[in-house]
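In: Got a predicted structure here, sequence first:
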Amino acid sequence: MSNRSGPGTGVQSGTQQGDLQDPVIRDVEVPERVRDEATGAMGPGLRRSKRPHHQKPRTLNLALQGGGSHGAFTWGVLDKLLEDGRIEFEAISGTSAGAMNAIVMASGWADDGRRGARAALDKFWDRIADVGRSSPIQRTVIDRLMGNWRVDMSPGFMMMDMMNRVLSPYQLNPLNINPLRDVLGDVVDVQNACHASGIKLFFSATNVRSGKIKVFGNKDITLDAVMASACLPLMFQAIEIDGEAYYDGGYMGNPAIFPLAYNADCRDVLIVQINPLYRDHVPNTAREILDRVNEITFNSTLMREMRAVHFVNRLIAGGKLDPEAYRMTRIHMIQDAAQMGELAASSKMNAERAFLSHLKEIGRQSAESWLDAHFDCIGHESSIDVRKIFL
């Protein structure tokens, strides 16, 4: 990707961000070492040079997806990465629940490093579980007996679903009460997280009027900015910041990758994937169809950015782009497609403590497996086949 451009624009160094130009594709002199690195960025096992085998600390950028209470999976991933101790974090791009995990982690890191970050995440999700106890959306007795985590058979869920079809949050919740905001405000010192943690933060929201993505960085992140990133328009009133209204960032960047490419020195991006990319089953009920459409919608921007990343990596590897003007990016991913794919979309509204703890454990196991298999890929090559997964 270009060092100074918007996503996939191919703008060369020195061009102002947002000025759209086509990339200059021609044969250029690219050192063999750089071409080998770009080849490795396209997928594992493609580089001629061998992976280094050492346990020295390595640096990653994190890209954290949103997904309601499924964000507890990310909690588990972060907890394991922090516990492991071999990875440093330069920057984090987060959306919705991903933004909340990021600001909580950065706030704890500013207080007491890795230990503080883990403690802050534990406290945040513990408070979410406390709030969830008073929610009208709970599993039914039958679902509990059958071991289902879904809540779409809950009378509270069905009532909310029907009301959202005819009434807006401005009518249903005129005081704009959001318990999540109170939890976040109690747990996080936003200014400390942004200015004392040493971690670059980028949170995405969607501009209601223009439909464009808005990325809030350390200098302009506030509690409102975090809440804007998680503002589902059928549940909450749009968040107003400096005269502009914002919805959930998942519509335009879930999460956004380009802020990491343009603002961080590290070229390794670890995506914590919550929403299933692929499903074997073709949905045939109204609820299943709606759920799958939502999954596709909230993955679509990531799919497009991955196409741009692969395109630039391939051109640099082929000697068609100047690596001084364009940037290769190595991609890694932690997910559990099997277990997370079994969860109904309605379970994203399940804040039951047992469920959040279950997701955390899945995340920890997934991160542990990834570290065992792919730690040596960091700084050397992508640990996933970007073309196979995203193109």
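Out: Okay, I see it.
In: Setting aside sequence neighbours, what's the nearest residue to residue 43?
Out: residue 385 (4.0 Å; Cβ to Cβ, 6 or more residues apart in numbering). Using the backbone N, CA and C atoms, a C-beta is placed for each residue, glycine as well.
In: quick one: the one you found from residue 59, how far?
Out: Computed as Cβ to Cβ, to the nearest Å, the residue 385 to residue 59 distance reads 23 Å.
In: one step back: let me see the contact set for the residue nearest to residue 43.
Out: Contact partners of residue 385, counting by Cβ atoms under 8 Å, 6 or more residues apart in numbering, are 42-44.
In: Kindly indicate the member of these with the most neighbours.
Out: Within the contacts of residue 385, most neighbours by other Cβ atoms under 10 Å means residue 42, with 23 neighbours.
In: Which pLDDT value belongs to the nearest residue to that residue once chain neighbours are set aside?
Out: Once flanking residues are discounted, residue 42 sits nearest to residue 313: 5.2 Å by Cβ to Cβ, 6+ apart. We note a pLDDT of 95 for residue 313 in this prediction.
In: where along the stretch 251-391 of the chain do the helices fall?
Out: Here the stretch 251-391 of the chain has its helices, by DSSP state H, counting those that start in this stretch, at 258-263, 286-317, 337-341, 353-374, 386-390.
In: on contacts alone, who are the packing partners of the fourth one?
Out: In terms of contacts (3 or more Cβ pairs under 8 Å, 6 or more residues apart in numbering; DSSP states H and E), helix 353-374 is packed against helix 71-84, helix 97-132, strand 330-334.
In: Show me the one of these that comes nearest residue 359.
Out: Closest to residue 359 of the helices and strands packed on helix 353-374, according to Cβ to Cβ: helix 71-84, at 3.8 Å.
In: can you pull the buried residues of that closest one?
Out: 71-82 (16 or more other Cβ atoms under 10 Å).
In: I'd like those residues written out as JSON lines, with pLDDT added.
Out: As requested, those are exported to JSON lines (pLDDT from 0 to 100):
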{"residue": "71", "pLDDT": "98"}
{"residue": "72", "pLDDT": "98"}
{"residue": "73", "pLDDT": "98"}
{"residue": "74", "pLDDT": "98"}
{"residue": "75", "pLDDT": "98"}
{"residue": "76", "pLDDT": "98"}
{"residue": "77", "pLDDT": "98"}
{"residue": "78", "pLDDT": "98"}
{"residue": "79", "pLDDT": "98"}
{"residue": "80", "pLDDT": "98"}
{"residue": "81", "pLDDT": "98"}
{"residue": "82", "pLDDT": "98"}
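In: re earlier: for the helices and strands packed on helix 353-374, could you give me JSON lines that also reports distance to residue 302?
Out: Output for these, formatted as JSON lines (distance: least, Cβ to Cβ, whole Å):
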{"stretch": "helix 71-84", "distance to residue 302": "15"}
{"stretch": "helix 97-132", "distance to residue 302": "11"}
{"stretch": "strand 330-334", "distance to residue 302": "10"}
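In: Now do stretch 152-168: everything it contacts.
Out: Contacting residues not belonging to stretch 152-168 are listed as 135-140, 142-143, 151, 172, 234-235, 287, 344, 346, 349 [Cβ under 8 Å, 6+ apart].
In: now swap in stretch 220-238 and tell me
Out: Here stretch 220-238 has contacts from 66, 94-97, 99-100, 103, 164, 168-170, 173, 176, 178, 180-181, 184-185, 188, 190, 193-194, 201, 203-205, 208, 214, 216, 239-241, 245-249, using Cβ under 8 Å, 6+ apart.
In: Stretch 101-113 now?
Out: Residues contacting stretch 101-113 (Cβ under 8 Å, 6+ apart): 62, 64, 71, 74-75, 78, 82, 92-94, 116-121, 124, 184, 187-190, 192-194, 196-199, 201, 203, 221, 226.
In: repeat for stretch 74-86
Out: Stretch 74-86 has contacts (Cβ under 8 Å, 6+ apart) with 55-58, 62, 64-65, 87, 97-98, 101, 105, 114, 117-118, 121-122, 125, 272, 274, 334, 356, 359-368, 371, 375.
In: In ChimeraX, how would I select just the buried ones from the contacts of stretch 152-168?
Out: ChimeraX command restricting the contacts of stretch 152-168 to the buried ones, with burial defined by 16+ other Cβ under 10 Å:
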select :135,137,138,139,140,143,151,235,344,346,349
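In: and which of the contacts of stretch 152-168 is nearest to residue 297?
Out: Distances from residue 297 to those, taken as Cβ to Cβ, are shortest for residue 234 (13.4 Å).
In: Tell me the buried residues in the lowest-mean-pLDDT helix or strand in the chain?
Out: Of all helical and strand segments in the chain, the minimum by mean pLDDT, DSSP states H and E falls on helix 32-41, at a mean of 88. Neighbour counts over helix 32-41 (16+ other Cβ under 10 Å) mark 34-41 as buried.
In: host element of residue 192?
Out: Element membership for residue 192 (DSSP states H and E) is helix 190-195.
In: Paired strands for the helix or strand following that helix, with orientation please.
Out: Counting by DSSP H and E, the next helix or strand C-terminal to helix 190-195 is strand 200-207. Using DSSP bridges, the strands paired with strand 200-207 are strand 87-94 (parallel), strand 213-217 (antiparallel), strand 244-248 (antiparallel).
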